[in-house]
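Engineer: sequence plus the predicted model coming up.
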Amino acid sequence: NGRLDLAQAEAVIDLIRARTDLAQQVAMKQLQGTLSTVIKEQENRLLALLVPIEAALDFPEDEISTPERASALEEVRKVRLTLEEILAQADQGIILRDAATVVIVGRPNVGKSSLLNQLLGEERAIVTPIPGTTRDFVSEVIDLEGVPVRLIDTAGIRPIEDPVEKVGVEKARHLMEEADLIITLFDAATPLTQEDYALIKFLQEKNPLVVLNKTDLPVKLSVETLKAAFPQSKLRSISALQGEGVQELKGVIRAELIGAGGREEQPVLVTKVRHKEALTEAVEVLIQVEQGIEEQGSEDLIAVNLRAALEALGRITGRSVAEEIIEEIFSQFCIGK
C-alpha cells in the first residue's frame, strides 16, 4: 500500500531468514530503504534527462529545449558509475544472504575431514588414517565471523576403481566448478605425489586457497614448492590435528569471500541475483546512451535507451515489475499458511 517498495518488502524475507548477525544488519539496512533511496535517486536523474527529450519529440512545434549534450553525458556517466559501485559489491551481498559455498579438496588422507571438524568446532566428519574414508561429501553451514558459509568436505581426488568412491570423486569435481572458494590441502609430511600433481593441474586456473597441513610433523613439502605451483594463490600453513593456524585461516577465508573489512559500513548492498541482473542491464544500456550522446546519435534512440535503463532499475524498486514476478516474490512469505 505504498509504505514499502519491492526491495524493502523483499528485505523482510531476508531479515526473517538471516543466518548471521551481519546478514541481519544488511537486511535491516535494505528494509530501512538504503538501497531503494539510491536507486530512486538515479531514476530521478535519468527521468530529468528523459522527460524534456520525450516532450520535444512529441511536441516539436512547441520548440521545447532538450538538455545540452555535454551536461547530459556527464549526468549519465555519474549515474552509471554509481550503479557500477553498487554492482561491484553484489557478489558479496548475495553471499551474505544465501551463504557461500566453500569446498575442501585434496588427495586422500591429507586432513580434509580434520580441517572441517576444526572449522565447525565439532567432530562432524569421520577421521581415520585410512585413505578414502570420505566417499561422498559432508556439508555443514557455519557462521564464519558474520559470513554464512556452507563447508563441504569432499572425497579424496585420486584415480580409483571402487564405483562408490568414484561417484564421490566425480561429485567433488562438480562441486569445485560451482564453489565460491576452493580450499586445496596438501600434506607437509609427504612430498608431492602424482595425485597432487593431477590436482594442481586441474586447479591452476581456479585460484584456490592453498593450505599446507600437518606442519606438526617433520616437513617434506616446502611452502616454496606450493608457491611455485600456485603463484597467484594465497597460501597458509596449519596443523588441523593440533588446531594451529586454523583461526588465522578463518580470517583468510572470510577475506577471500567478502573482502578484508566487514560490510557493516557498507550502506548500499545488493543481496539478490535478480537485483544484480537488473543493475547489469541498466549499466549496459547507459553505456549505449553515453556512446549515442558522444557520437551525436538521434534523440529518439537516446530516449529509447534511457527508458530501458529506467525499466531495469524499476525492477528493483517495483516501479516496473510484471504481476507474475510480484506474485512469485510474495509467495515466499507463505501468507495464510
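Structural biologist: Cool, the structure landed.
Engineer: pLDDT below threshold where in this structure?
Structural biologist: Low-confidence segments of the chain, defined by pLDDT under 70: 1, 58-67, 122-137, 155-170, 260-267, 320-330, 332-337.
Engineer: tell me how far the residue positioned nearest the centre of it lies from R97.
Structural biologist: Central residue of the chain (C-alpha atoms, centre = their mean): D91, 2.7 Å from the mean position. Look at D91 and R97: by C-beta to C-beta, to the nearest Å, they are 11 Å apart. C-beta coordinates here come from the backbone N, C-alpha and C atoms, glycine included.
Engineer: where along the stretch 101-250 of the chain do the helices fall?
Structural biologist: 112-120, 163-178, 194-203, 223-229, 246-258 (DSSP state H, counting those that start in this stretch).
Engineer: you'd agree K29 is up against V270?
Structural biologist: No. Look at K29 against V270 with C-beta atoms under 8 Å: they stay out of range, at 11.7 Å.
Engineer: secondary structure element holding the nearest residue to R307 once chain neighbours are set aside?
Structural biologist: Of all residues not flanking R307 in the chain, L50 sits nearest, at 6.7 Å (C-beta to C-beta, 6 or more residues apart in numbering). Counting by DSSP states H and E, the element that carries L50 is helix 34-58.
Engineer: what comes into contact with the next helix or strand after that helix?
Structural biologist: Moving toward the C-terminus from helix 34-58, the next helix or strand (DSSP H and E) is helix 69-88. Residues from elsewhere that reach helix 69-88 (C-beta atoms under 8 Å, 6 or more residues apart in numbering): 35, 38, 42, 45-46, 48-49, 67, 268-270, 276, 279-280, 282-283, 286-287, 289-290, 293-294, 296.
Engineer: and for stretch 236-255?
Structural biologist: 102, 111, 114-115, 117-119, 144-147, 149, 181, 183, 188, 209-216, 223, 234.
Engineer: same question for stretch 209-217.
Structural biologist: 110-111, 114-115, 181-189, 221, 223, 226, 230, 233-242, 244-245, 249, 252-253, 256.
Engineer: do that again at 7 Å, thanks
Structural biologist: 110-111, 115, 181-189, 221, 223, 226, 230, 233-242, 244, 249, 252-253, 256 (C-beta atoms under 7 Å, 6 or more residues apart in numbering).
Engineer: list the buried ones in it?
Structural biologist: Buried residues in stretch 209-217, counted by 16 or more other C-beta atoms under 10 Å: 209-215.
Engineer: from those residues, which is closest to K201?
Structural biologist: Minimum distance to K201 across the buried residues of stretch 209-217 is 14.1 Å, recorded for V210 (C-beta to C-beta).
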